[in-house]
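Asks: sequence first, then the predicted structure:
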Amino acid sequence: MMKKALLTVSSVALLAACSSVPGNGDLAQGTYVTGTTTSGSVLMPDTLSQDPFVSEMNDGAPSELVDLRKDFIRRAGDRVHFGFDSASLDAEAQESLRDIAKFIKKNEGRVKSITIEGHCDERGTREYNLALGDRRAVSAKKYLVGLGIDAAKINTISYGKERPVDPRHTDSAWQRNRRAVVVLN
Amino acid sequence: MRRGLLLSLLLHCTLVLFFVFNVPHMILPEPEVTYMNVKLVSSPDAARSPKPKKPTPVKTQQSAAPKEAPKPKKKKVEAPKRDTKVVDTSKSKLKQQVKKEEPKPTKQEESVKEEPIGRPPKLDKTPNKKNLMAEQGKPTSEPKEEDFLQALDFIEDIQDKKSAMEVSDLETEPTVFDETQGEVASLKRLIEKNWYRTPGVAGLDRMQVVVMIRVNRDGTISSMDIVQSSGRTSFDNSILRAVRKSVPLPIPEGKYEIFRTIQISFNR
Amino acid sequence: MKYMKKLFTPALTLSTFFMLSVLMFAQPAQALVKIRLTDANADPMPIALTNFSGATSEENDLGKRMVGLISNNLKNTGLFNNISERAFLQSDDSLRLNGPIFKEWRLINADVLLVGTIEIIGPETSQPKMRVVYRLYDVHDEKQLAAKAYTASLEFWRHIGHRVSDDIYTTLTGEKGYFASRIVYIGEDAPRGMKIVRKRLCVMDQDGGSQQCLTDGKALVLTPRFSPNSQTIIYMSYANGKPRLYLLDLPTGEQTILGDFEGLNSSPQFSPDGESVAMTLTMGHEGNPEVYTMDLKKRKLKRLTTYRGIDTSPSYSPDGKKIVFNSDRAGKPALYIMDTDGNRVQRLTYGEGRYYAPTWSPRGDLIAFVKQLNGKFHIGVIDPEGTEERLLTEGYLDESPTWSPNGRVIVFTRQQRSGDTHVYSIDLTGYNLRRLPTPTQASDPAWSPLIK
């Protein structure tokens, strides 16, 4: 009897612990602006809704291109996510890539070229993740080429685990960091 | 007829055996033997240390090894030679010694290996590659590093000669006392406590060392010989050091005759 | 016949008995105490290191610093217990005048004693030199174990200190030393106003001394490695927006690109003879990283692997005949060994979990690796036959193992769950875990060979 009660209590505690892992909902609240840590490769951004690498890239870019990129992110989304140690595209990723291809085709005159970055979570070694990031970027590229985007216009680059968009060390952060990001040039 | 012959032979043998085992007790009353649990390890091979099972394959790392000459070298314990020292007014006694030794490089004890140092790789761009000191290495009795590479030949040599040596050391087959005796076990523990062996040293499982010690009545060492070298001076030295550090060796009251000769061995 | 026997038997009995009794009386039974050593004292060995003395305060000061460096080196091995100077009975003056009085060193339980002198030659000249003489004594045997004299420019006092440390280490352990060596690593920091952590190529002495950063941090740099002569560092950089491999010549500071190969260029590693580089390239087969080697003189590339998944992290055996590498060809990352021509590929690891980043020991007897198992990362070692695997560390994220020049110590990157990242070292026995002193956070260490 007693044992059963204990078991229930502990499982409730377990559930509580699970739900306290910050999900996407927490991200916009800007709770990480501590600036004290240099964890991962990213200083804590104000809000994680903004990719620090995208904003860095936009620094000094012509305003026309910055506008195009912003429009691209708003309408098509600029990235797809992957499973652990995987470079294959699930249904959701394929759908995102179809939106991305649609946007690129529509704005063909304004998009000179595309760079696809492959990224990984931190749960692997540097060299393996550089290789895995390459596979992810190329996997997204091949899908876009299949949708009619000119292969000659697409560059790929792997950053391995060097540029995590979410610097935390949780499952949800790792999930967000396993990504291929499409950058318009 | 034939049975009679066999029977008488058997009887004779029994008689002989009876004398072999009992006569010494009757004639030579050795008190030590009576209260100690004598264990007779009669096989002559047992007195010798085990031979290596197979020639160990030459591994490159095995090469750091003996500065000792290939022959088993007697390592006698002597009283400290430097009894009186003349007070030297020059600024460095040690340097004096180094200089004095130059004409006599054979005396290993005082020799110093000269090593002019060139410039180690630098990261800045200052042009300084020609900074090698002109000073040449002076004659020295220290072995050059290349000598270490012949370590494994030395091992072979030592093993060939050691059995002869051991036999001459003990004219008859000795009565062996080992760690099953409490007093021997406590001596073993004392030496082991004083023994610092580099943990995880490469090739430890292939190392075999046998050291024979002659002990004085007061527990000091009268002689200590490496009968079988591990092929690594540092390893042999560590065992010799442990024994010397255990001096005076605790010789149980009235058992000097037993503890006068001690064999220390290591093998995995 | 009958008579013969009747006569013979008693005669035999009598003679045998007589002979035996004579033997018994003539030779009393000898005793031999046999001790077979098994266990040794597991504590570090007690050693006494006295300051190298000179005639001037400048010399004495340098002597003290040098012995401090030696003492730190030996202590960090975990094998030596440096007896505190305060416990010493014989004074420096007495040592200088009388030489070692071994009885006094035995009293404080020292096993060995280091004594030395230092002389600065031409202190008034523009290039003063020094002459260091040391002697290492066995305190119990009252015998000199090793002695050497070094002469060098004054500015190399640290190097001399490391050389003396190596001598002592070799004399006492029988293993080659590793103190006169350097470690290249990636220094990580975040100066004010930078959004992204700055990663710079840095080098230091193995003990954390002589710190120096070689790149400005504008470009992302990763995975540096030393050439076998310690004069060149090969590393990966995104300097021109693409991941490429660069060679940095240390004496001149000159940087050259290894080659502008299409796609990913990563995981560089020199061959033991320094004439080739193994690396990972994607070339015309993007999405399919493969192991290549390049002959540096002929500038000729050779592709070694052909599997369509990931093949990366090559590392040469010390004899230069084989390469161990990382591949996910069996469904999860594992380690494989092949000949340097790409033939005879054999799987090395079959264990649970995921294996990465193999590095062949300079001793040749072991391969270090990273293992991911049940949410933890380990640094482990395995013999090249794959018979015995041993895990040395466990952490949130331990990676990039690199061997000391003597194959005794492994240095690696440890990232804590907090994100804090530093370089640590561990002894091959799995003991003596230690963080290396670096001015910033640090990752991707690579150990140089012994510097002569």
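Replies: Yep, it's here.

Asks: list the buried residues in the longest helix along chain A.
Replies: In chain A, assigned by DSSP state H, the helix with the most residues is helix A:126-146. By neighbour count, and taking 16 or more other CB atoms under 10 Å in any protein chain shown as the criterion, the buried residues in helix A:126-146 are A:126-144. Yep, even glycine has a C-beta here, placed from its N, CA and C like the rest.

Asks: equivalent analysis for stretch C:280-294, please.
Replies: Neighbour-count burial for stretch C:280-294 [16+ other CB under 10 Å]: C:280-283, C:286-294.

Asks: residue C:278 and chain B, how far apart?
Replies: Residue C:278 sits 21 Å away from chain B, going by CB to the nearest CB, to the nearest Å.

Asks: what bridges to that residue?
Replies: residue C:269, residue C:293 (DSSP bridges).

Asks: coming back round to it: restrict the buried residues of helix A:126-146 to those near chain C?
Replies: A:126-128, A:130-132, A:134-135, A:137-139, A:141-142 (CB under 8 Å from any CB of the partner chain).

Asks: would you convert those residues into TSV that also reports pLDDT?
Replies: Rendered in TSV, the data for these read as follows (pLDDT from 0 to 100):
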residue	pLDDT
A:126	97
A:127	98
A:128	98
A:130	98
A:131	97
A:132	97
A:134	97
A:135	97
A:137	97
A:138	97
A:139	97
A:141	97
A:142	97
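
Asks: and stretch C:388-399, how far out from the chain's middle?
Replies: 17 Å (CA atoms, centre = their mean, to the nearest Å).

Asks: what do you get for stretch C:98-109?
Replies: 33 Å.

Asks: do stretch A:56-67 as well
Replies: The answer for stretch A:56-67 is 20 Å, by CA atoms, centre = their mean.

Asks: that one near chain C anywhere?
Replies: Yes - interface with chain C: stretch A:56-67 contributes residue A:56 (CB under 8 Å from any CB).

Asks: just the helices in chain A please.
Replies: Counting by DSSP H, the helices of chain A are A:2-19, A:24-27, A:52-58, A:63-75, A:91-106, A:126-146, A:171-177.

Asks: and the angle for the fifth one with helix A:63-75?
Replies: Going back to what we said before, that points to helix A:91-106. 140 degrees (axes from the mean of the first three to the mean of the last three CA atoms, to 10 degrees).

Asks: which element is the closest residue to residue C:46 other than its chain neighbours on?
Replies: Spatial nearest neighbour of residue C:46, chain neighbours left out: residue C:81 (4.9 Å); criterion: CB to CB, 6 or more residues apart in numbering or on different chains. Under the criterion of DSSP states H and E, residue C:81 resides in strand C:80-82.

Asks: so what touches that strand?
Replies: C:43-49, C:71, C:74-75, C:172 (CB atoms under 8 Å, 6 or more residues apart in numbering or on different chains).

Asks: generate a ChimeraX selection restricted to the buried entries among these.
Replies: The ChimeraX command for the buried members of the contacts of strand C:80-82 (criterion: 16+ other CB under 10 Å) is given here:
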select /C:44,45,46,47,48,49,71,74,172
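
Asks: now, which of the contacts of strand C:80-82 lie within strands?
Replies: C:45-49 (DSSP state E).

Asks: quick revisit: and the longest helix of chain A with helix A:91-106, angle?
Replies: Going by the same axes, to 10 degrees, helix A:126-146 makes 60 degrees with helix A:91-106.

Asks: give me the below-cutoff pLDDT ranges for chain A.
Replies: Within chain A, the ranges that satisfy pLDDT under 70 run A:1-50.

Asks: and the residue of it nearest chain B?
Replies: Residue of chain A nearest chain B, by CB to the nearest CB: residue A:126 (24.0 Å).

Asks: how about that residue, what does it touch?
Replies: Contacts of residue A:126 (CB under 8 Å, 6+ apart): A:160-162, C:222-223, C:399-400, C:443-444.

Asks: what's the closest of the buried residues of stretch C:280-294 to residue B:184?
Replies: residue C:291 (58.8 Å; CB to CB).

Asks: SS state for residue C:418?
Replies: coil (DSSP: H, G, I helix; E, B strand; the rest coil).

Asks: which element is residue C:94 on?
Replies: Counting by DSSP H and E, residue C:94 is part of helix C:92-98.

Asks: ok, that helix near chain B or not?
Replies: Yes - shown here: helix C:92-98 in contact with chain B (CB under 8 Å from any CB) through C:96-98.

Asks: looking at those residues, which has the most residues close by?
Replies: residue C:96 (20 neighbours; other CB atoms under 10 Å in any protein chain shown).

Asks: and it, how far is that from residue C:161?
Replies: When distance is defined by CB to CB, to the nearest Å, residue C:96 is 20 Å away from residue C:161.

Asks: so where's the stretch 351-452 of chain C uncertain?
Replies: For the stretch 351-452 of chain C (pLDDT under 70), the answer is none.

Asks: tally of neighbours for the residue of it found nearest chain A?
Replies: The minimum distance from the stretch 351-452 of chain C to chain A, using CB to the nearest CB, falls at residue C:419 (2.1 Å). Residue C:419 is flanked by 21 other residues according to other CB under 10 Å.

Asks: same check, this time on residue C:164
Replies: Around residue C:164 there are 27 residues (other CB under 10 Å).

Asks: I figured it hits residue C:133, correct?
Replies: No - using CB atoms under 8 Å, residue C:164 is not in contact with residue C:133; the gap is 10.1 Å.
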